[in-house]
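>>> fold the following, please.
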Amino acid sequence: MAAKTFQVTIVTPDGKTYDQPATMLIMHTSDGERGIMANHLPVIGALSIGALRLKHEDSGDPDDVIAVNGGFVKFKDNVATIIADSAEKPEDIDVSRAQNAKERAEEIIARAKINHDMDSLGRAEVHLKRAINRLEISKTLNR
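As a prediction, this is how the structure comes out:
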């Protein structure tokens, strides 16, 4: 019988932040949401700002949800390696900091629209997406 799990490793500039087996990895890519299970064909893809969902069926362990701010995924030989600028579990997210970042980004967006500053608008929209992602992931801690 084929293996039901595969190894998932997440690496950030701070080092390895996750290294666990999973039965399924669900991620947001530049092409939309994708899922990978054991024995999937090799894949390389760009990750978008969003949640990584790691399922652990049959193990009794709860599923993991991790906030990533983009990056890359490589899957080969039942190993998923994710390289991201940041990867945070719900319990590691500073909610007040994320809320402050969201509010700052919203203020910058409002000013940039008034001033027709497209560069600042684009950067602030990315910051807003990151902050909202972190806030949404932090809420999964209580589920």
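
>>> what's the closest non-adjacent residue to the residue nearest to the spatial centre of the chain?
Nearest residue to the geometric centre of the chain (Cα atoms, centre = their mean): residue 68, 2.6 Å. Leaving aside its sequence neighbours, residue 68 sits nearest to residue 84 (Cβ to Cβ, 6 or more residues apart in numbering; 4.4 Å). Any C-beta I mention is one placed from the backbone N, CA and C, and that applies to glycine too.

>>> go ahead and confirm the one you found touches residue 49.
No - look at residue 84 against residue 49 with Cβ atoms under 8 Å: they stay out of range, at 10.0 Å.

>>> return the backbone torsion pair for residue 124.
Phi and psi for residue 124, reported as degrees, to the nearest 10, are phi -70, psi -40.

>>> which residues are in contact with the residue nearest to it when sequence neighbours are not counted?
Nearest residue to residue 124, sequence neighbours excluded (Cβ to Cβ, 6+ apart): residue 108, at 3.9 Å. Contacts for residue 108 (Cβ atoms under 8 Å, 6 or more residues apart in numbering) come out as 120, 121, 123, 124, 127.

>>> could I have the buried ones of those as ChimeraX selection syntax?
Of the contacts of residue 108, the buried ones go into a single ChimeraX selection, burial set by 16 or more other Cβ atoms under 10 Å:
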select :121,124,127
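
>>> now, among the contacts of residue 108, which is nearest to residue 28?
Among these, residue 127 lies closest to residue 28 (Cβ to Cβ), at 17.3 Å.

>>> element containing the closest one?
Assigned by DSSP states H and E, residue 127 falls within helix 118-139.
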